[in-house]
Structure formats: C-alpha cells, structure tokens
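1. Have a look at this prediction, sequence included:
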Amino acid sequence: MCRGYFFLLGDPEPFLTFYRTFHYTWDYSGRYVLVLPSLQYFEAFIDSYIGQRTEQILGVVKSSTEGEWVLYMNQLYWGQRVRRINTWDRHKFTRQLDLFPDKLADLHGAQLKITHFNYGPYSFVRRAKNDTVLARFGMDVEIVKAVAHVLNATAVFTSPNERTWGEKYENGSWYGIMGQLHRREVDIGIAFYITIQWSEVPDLTAPYIDDPICFMTRMEPPLPHWQSLAFPFHQWTWLAVLVGLIVSGPLLFLLARASGRCGGERRNLQDLSFSWYYAFGVHFCEAHATLPRSTSTQVFVQFLWLYTMILTISYSANLKSFLLVKKQPAMMETFQDLYESGLEMGALGKLFRDGFAKSSDPYIKKVTMNVASGEEAGNSLFIGFQFLEVGTEGAEQARLVLLEGSGSGA
C-alpha cells in the first residue's frame, strides 16, 4: 500500500519545528508533496533529520512566471541533495516522467559510510600496533558489503573513537556509534542491539538473529557429604517424623494404662518412660521382647511398625541416591529469585540498567538497583567481545556477572 501526504505550507516554520522535535511520528516510507513559498525552505527540510532519511519527497515552488510552478525532488544518495525535475505550466507538465522513482534500487556508486567496532562474531576490526586498521570482517560487515554491492554503492567503513555503542549524556548529546549517527557523520551502524533507548536515534532494522540474555554467577561448591543424611526428606517431613516420635510414646502409654485398668496389659507398658523407649526403638526398627496383650495396644503397635517400616525403606532408598550424586546448591530461576538474592550485578555500560528501569515487570525494575556498570563493577567484570571469561581472582570477587544479549539488527 502506498501512503501519500500533501502539505500546503504558507508558513513552513511551524511544520519544520514540529518534525525537528517529533521526528519519530514521521512516515519514512510514505510519499510527500510539499508546496512551499521558496526553494530555501525545501532545501532546509531535505537537510533535516527526517529529510535525509525519507526516500520520496517532492517540493513544489511557485516561480516568478505567472501560472508556473517548479517541481524539485530530493536526491537522497544521488549526488546533489536537490534537483529540479519538472515544471507545471498553467495546465500541464513540461516533461513526462516518474515523479517518484525508486531511489534505493540503484545508488549510482554513492558512498555509504558505515561505522562499527570490534564486537565478534558480528564485526571485527584488526589493528596494527600503531592502531592502523588492517582488516574489517564479521557477519554484519559481510552483510553490509553484500547489500552495498546489490544497491550499486560503495561501503566506506569507520569506527567511533570510543569504540562502543554509546549512551546519551545529560546534555542530550551522544557518544560512540550513537553519537556518529546522531551527528549524521555516518549512514549505517552495524552490530546493534534493538533497545528502547537506542530507537530514538537510528532507524533500526528487523532483527535477523536472536541472542538471549544470560546471567552468570560463580558456582558454589557441592554441599558436604555429611549433609546427605538430611537430604532424603523435606524439612516438613522431618518435622512430621519428629512430632510422631514425640507423640507415639505417650499415646502407647495412655492405651496401656486404659487397658491395664481391666487387668489386660503388661505393667511395664503402663510406665511412661518405658512406653517412650518402646516407641523410640520401633522408629529405629529395633524389636522388643515385650509384646502388648490388649487388642487396642496391639493394633497401635502394628500400625506403628507399619509406619516406621515405610519411613525407613523410603529414607534408605533416597539416601543411596544422594550419596551417589552430589547435591548442588539451589539455583536462581526467576527475576524474583535474582532480586531476593541481593547480589550485585556487573553490566557492560548502562544498557541493561536503563532497560530494566523501563520494564513493566516489578522485579526487573527492582533488580535495577543492584546493577552496576562495567566501571563501577571494577575487576569483578570480565567481558570479551568473542567470549566471556571470569578469571580466578575475579571469580572470587564477582558475586554476579551479567552477559548482554538481545535481538540484533544491522
């Protein structure tokens, strides 16, 4: 679908001021016809941020001749920024031609300035000892070269002085690749992540690769073997076993005393200390020579033996498993776990801290308070462009390391 826009501008200043401020509302793929009082206004618009990024813009300016209007077209990458293409003389055009030609299919050898820095595997910059560039290669570099070849353009590569993506200063300016794009020193920046913060400067492409975010922390050593004695049961199970051990002795004593009034139970079972000792032995599968005589006491002891046999078999089977396999400490699985751990995080730059702060998830927002930039994290953070390596000394100091990743676009 082709979207067209027609602006009849007696006073172009409000229009130009509005789109200098709110350029993100502009439809860069639309076709525009601007009727302006002079060519200077059209040239000023073409030199603006949105004018340099819009393919189809047509300017109509009234000439000094009565009933004549001159048509101008933006050149984009075709040499001079503005070219006169036609004239409307009273009732017709003086030339028959396409007012909105495809300006991206063939760039006529125009130079495309492309900026990047060493961030593998997407882009590499090999330098000599004197810092001169020896070679540029990588996934994004080859993609841009192929695109330039198809569009009949020349790819000219450069790198920012800071050799990073860049962030926004408090005064509104940018540094790094973002600064070069913001100052219009280059046409394309490659090896980018798609983020909300960066979308206000460049026009980001659709992502062509997905690079998930990964949190890395120093692995704690396995728990000592002696603790395996407690692993087979959950803490609530151990609590239930303890309650059963405490209560079973007095219950046996009460049943024996009730049966003893009728003369049908052994006297030693009617003693509280002996009943407790009896129930304690049953829990450890130790048989007693004393057997209850009354029916109620026999039923209770039979139930107690069945209960302790099931408990003992379950415990022994689970204990063998925990003795054979070392139990690892509990891991963090969610952002809530990450926040509640209270660990300090290290991140490369402010990308993640700013992104987390704008998240709708309350725990991700809370995590932001624990994120330190690469400079603040100091030696605890070791991030390479090809791999992440935590050294022995750094691993002892680092509580948590944050490895960056997201969708990437050229």
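-> Okay, I see it.

2. Tell me the buried residues in the helix ranked longest in the chain?
-> If you go by DSSP state H, the chain has its longest helix at helix 295-324. By neighbour count with 16 or more other C-beta atoms under 10 Å, helix 295-324 contains the buried residues 297, 300-301, 304, 308, 311, 319, 322. Every C-beta, even on glycine, is put in place using the N, C-alpha and C of the backbone.

3. Please apply the same query to stretch 247-263.
-> 248-249, 252-253, 255-256, 259-260.

4. picking that back up, distance between the longest helix of the chain and the chain's centre?
-> Put simply, helix 295-324 sits 50 Å off its chain's centre (C-alpha atoms, centre = their mean, to the nearest Å).

5. pLDDT weak spots in the stretch 151-300 of the chain?
-> 196-197, 200, 213-220, 223, 225, 262-263 (pLDDT under 70).

6. ok, and the closest non-adjacent residue to Thr54?
-> Tyr28 (5.3 Å; C-beta to C-beta, 6 or more residues apart in numbering).

7. ok, now how distant is the one you found from Leu112?
-> 17 Å (C-beta to C-beta, to the nearest Å).

8. quick one: which of the two has more around it?
-> Neighbours around Tyr28 and Leu112, counted as other C-beta atoms under 10 Å, are more numerous at Leu112. The numbers are 18 against 11.

9. Confirm that Ala135 lies within a strand, as I assumed.
-> Yes: under DSSP: H, G, I helix; E, B strand; the rest coil, Ala135 falls within a strand.

10. For the residue nearest to it when sequence neighbours are not counted, what are phi and psi?
-> Leaving aside its chain neighbours, Ala135 sits nearest to Arg126 (4.4 Å; criterion: C-beta to C-beta, 6+ apart). With angles defined as degrees, to the nearest 10, Arg126 sits at phi -90, psi 130.

11. who's in contact with Arg126?
-> 133-137 (C-beta atoms under 8 Å, 6 or more residues apart in numbering).

12. from the residues you listed, which two are the most distant?
-> Across the contacts of Arg126, no pair lies farther apart than Val133 and Phe137, at 11.2 Å, counting by C-beta to C-beta.

13. ranges for the helices of this protein?
-> Under DSSP H, the chain gives helices at 13-21, 39-46, 139-150, 176-182, 235-260, 272-283, 295-324, 335-341, 351-357, 362-367, 374-377, 392-397.

14. As JSON lines, these with distance to Phe117 would be great.
-> Formatted as JSON lines, the helices of the chain follow (distance: least, C-beta to C-beta, whole Å):
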{"stretch": "helix 13-21", "distance to Phe117": "29"}
{"stretch": "helix 39-46", "distance to Phe117": "31"}
{"stretch": "helix 139-150", "distance to Phe117": "11"}
{"stretch": "helix 176-182", "distance to Phe117": "7"}
{"stretch": "helix 235-260", "distance to Phe117": "52"}
{"stretch": "helix 272-283", "distance to Phe117": "69"}
{"stretch": "helix 295-324", "distance to Phe117": "50"}
{"stretch": "helix 335-341", "distance to Phe117": "30"}
{"stretch": "helix 351-357", "distance to Phe117": "15"}
{"stretch": "helix 362-367", "distance to Phe117": "28"}
{"stretch": "helix 374-377", "distance to Phe117": "15"}
{"stretch": "helix 392-397", "distance to Phe117": "23"}
